[in-house]
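>>> okay, sequence plus prediction incoming.
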Amino acid sequence: MNQTEREQNSPPVEANRERSTPAYPLNCIYFYLTEGCNLCCRHCWIQPKFQNGERVFPSLEVDLFKSIIAQAKPLGLGSVKLTGGEPLLHPQIADLLDHIREENLRLTIETNGVLCTPALARQIASCVNPFVSVSIDGADGETHDWVRGVAGSFGQAMDGARNLVGAGIHPQIIMTIMRRNSDQIEDVVRLAEGLQANSVKFNIVQPTARGEKMHEAGDTLTIEELIEIGRWVESELAAKTHLRLHYSHPSAFRPMSKMFGERGDGCGVCGILGILGVLGNGSYALCGIGETVPELVFGHAAEDRLADIWEDSSVLKELREGLPHRIEGICSDCVMRGICLGSCVAQNYYSTRNLWAGYWFCEAAKKKGLFPSTRLEGGRRINRKEARLSL
Amino acid sequence: MIDKPVANPLIVLREEFDDWAILFDPDTGNAFGLNPTGVFVWKLLDGGHSLDDISTKLRESAEAVPEEVKDHLREFVQDLEKQGLVGFEAAL
């Protein structure tokens, strides 16, 4: 029956450097491989430089990449995510993929698909359990290209997705929803079905970097709209497609059945305590947020031992000691905080310069009286009384 | 024989719109997802029902209840016990 699933974030094993298992395994490294990007997306939270062929921006050196992986494996590394900028823009992407395959690391790639040739798709497919997501932000070229800032990118992204399918990889399609494309959600699902994708993920524009400008300009959706679309996607649209749909609202807004039911996709335990970011210039950072928030950069791969960064970074140590009990705002009153961990510490810090700030989406929902009452601790007194009476 | 589980009275059951529910432990902050069958069973963990009783009620109330339902129930209750969500009362 499997009626219960533990949602609480598993406590770390006891800290002891002499043990072979690190106190906090470094499960995954997010490699932000390139400082440039071949697209110029309106909502990008990284804000890379636009690389249109005339100028080439730095990207992570292959030797440094290999050195980081060699140092990370004893710390627990089992997977890598290649993202950007645009990971397939890396001039030695083939070498990096070869190395990932040789090291038997599980591979995740987030790409805009434009540069995904059949040969590259086959090489990706040769890696261990590759998971690839391709961004498609509209059901037509006009919309997608408007979001992505480069004419013709829709057709190229579609070709890239088809090349992946041809190589045996059924990609996840990621659509970031905003005012301009919110009426195309179902059409994008149909498009994904036609592409033989395996799932569609709907991202919400984060108020970071270019995304922040979109929020300020009113190009994003209101909290009421975001919550209603989430309900519609999970309760209605999901029933009309064989594809898995994932709407990226915080776990407080996700029905239990969508996390644990037969077609559930897990409780979404935030991986922040097992992740490290590596930027295109070789810096270690909390994640890609290091591109815009210097204090979340912890060191450099050419100068610092990864183990020192991972074990001694004051920010990482603070997070390990403080999550989830130090989270503030609405998150401190949310029963999901143990798995959600504030949804996105990087975003929260960007907005407030406070690692423990509540997540903007949940704070906005609370202000509008739209935060789900069953997910608030504050209601427990009434419920506790009811529970006692029923026993 | 100890086979009549009783729910920890401090644990809060939060039922939601889709018939799933959250078990919330206010003391630890831990939360657990419960599917509709789990909710049905949870409400019978009152110290007055044995696993046999609960199996019978499940068969009366649900379709396609598997043969091994009692094993599932035992496993479920053991999981709850490990998490401190239920205890047992001795049957006389």
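Right, received. Where do you want to start? This one's a predicted model, so the numbers in the text were calculated from it and none came from an experiment. Numbering: from 1, shown residues only, chains lettered A, B, ... in the order given.
>>> up against chain A, what does chain B have?
Within chain B, the positions near chain A by C-beta under 8 Å from any C-beta of the partner chain are B:6-7, B:9-18, B:20-24, B:26, B:28-35, B:37-38, B:41, B:43, B:46-47, B:69, B:72-73, B:75-76, B:79-80, B:83. For every residue, glycine as well, the C-beta is placed using N, CA and C.
>>> so which of those residues are in strands?
Counting by DSSP state E, these place B:6-7, B:12-15, B:21-24, B:31-34 in strands.
>>> nearest to A:Trp45 among the residues you listed?
The closest of those to A:Trp45 turns out to be B:Ala31 (C-beta to C-beta; 28.8 Å).
>>> not counting its neighbours along the chain, what's nearest that closest one?
Spatial nearest neighbour of B:Ala31, chain neighbours left out: A:Val335 (4.4 Å); criterion: C-beta to C-beta, 6 or more residues apart in numbering or on different chains.
>>> would you confirm that that neighbour contacts B:Phe24?
Yes: the criterion here is C-beta atoms under 8 Å, and A:Val335 meets it with B:Phe24 at 5.0 Å.
>>> overlap in contacts of the two?
Taking C-beta atoms under 8 Å, 6 or more residues apart in numbering or on different chains as the contact rule, A:Val335 and B:Phe24 both touch A:Glu377, B:Arg14, B:Ala31.
>>> between those residues, which sits nearest A:His300?
Among those, B:Ala31 lies closest to A:His300 (C-beta to C-beta), at 39.6 Å.
>>> about what we covered before: what sits against the residue nearest to B:Ala31?
Going by C-beta under 8 Å, 6+ apart, A:Val335 touches A:Ala252, A:Arg375, A:Leu376, A:Glu377, B:Arg14, B:Ile22, B:Phe24, B:Gly29, B:Ala31.
>>> for the residues you listed, give me JSON lines that also has pLDDT.
Listed next are those as JSON lines, based on pLDDT from 0 to 100:
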{"residue": "A:Ala252", "pLDDT": "94"}
{"residue": "A:Arg375", "pLDDT": "92"}
{"residue": "A:Leu376", "pLDDT": "91"}
{"residue": "A:Glu377", "pLDDT": "85"}
{"residue": "B:Arg14", "pLDDT": "91"}
{"residue": "B:Ile22", "pLDDT": "91"}
{"residue": "B:Phe24", "pLDDT": "88"}
{"residue": "B:Gly29", "pLDDT": "78"}
{"residue": "B:Ala31", "pLDDT": "84"}
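>>> list only buried entries from those.
Applying 16 or more other C-beta atoms under 10 Å in any protein chain shown to the contacts of A:Val335, the neighbour count classes A:Ala252, A:Arg375, A:Leu376, A:Glu377, B:Arg14, B:Ile22, B:Phe24, B:Gly29, B:Ala31 as buried.
>>> now the closest residue to the fourth one other than its chain neighbours: phi and psi?
Pointing back at A:Glu377 there. Counting by C-beta to C-beta, 6+ apart, A:Asp333 is the residue found nearest to A:Glu377 once chain neighbours are left out, at 5.0 Å. Dihedral pair for A:Asp333: phi -110, psi 10, per degrees, to the nearest 10.
>>> could you measure from the residue of chain B found nearest chain A over to A:Asp159?
As assessed by C-beta to the nearest C-beta, chain A sits closest to B:Gly38 within chain B, at 2.9 Å. Applying C-beta to C-beta, to the nearest Å, the value for B:Gly38 to A:Asp159 is 46 Å.
>>> ok, those two, which is more surrounded?
In terms of neighbours (other C-beta atoms under 10 Å in any protein chain shown), B:Gly38 is the more surrounded of B:Gly38 and A:Asp159; the figures are 24 against 15.
>>> got the contact list for stretch A:136-154?
With contact meaning C-beta under 8 Å, 6+ apart, stretch A:136-154 is reached by A:38-43, A:50, A:112-114, A:135, A:155, A:157-158, A:161, A:173-176, A:178, A:180-181, A:184, A:187-188, A:190-192.
>>> confirm for me that B:Ser55 is in contact with B:Arg74.
No: B:Ser55 lies out of contact with B:Arg74 (C-beta under 8 Å); the separation is 9.8 Å.
>>> the two: which is more packed in?
The neighbour comparison of B:Ser55 against B:Arg74 (other C-beta under 10 Å) goes to B:Ser55, with 19 against 15.
>>> OK, contacts around that one?
B:Ser55 touches B:Val69, B:Lys70, B:Leu73, counting by C-beta under 8 Å, 6+ apart.
>>> and for the residue nearest to the last one when sequence neighbours are not counted, the neighbour number?
Spatial nearest neighbour of B:Leu73, excluding adjacent residues (C-beta to C-beta, 6+ apart): B:Leu51 at 5.0 Å. Summarising burial for B:Leu51: neighbours were counted as other C-beta under 10 Å, giving 20.
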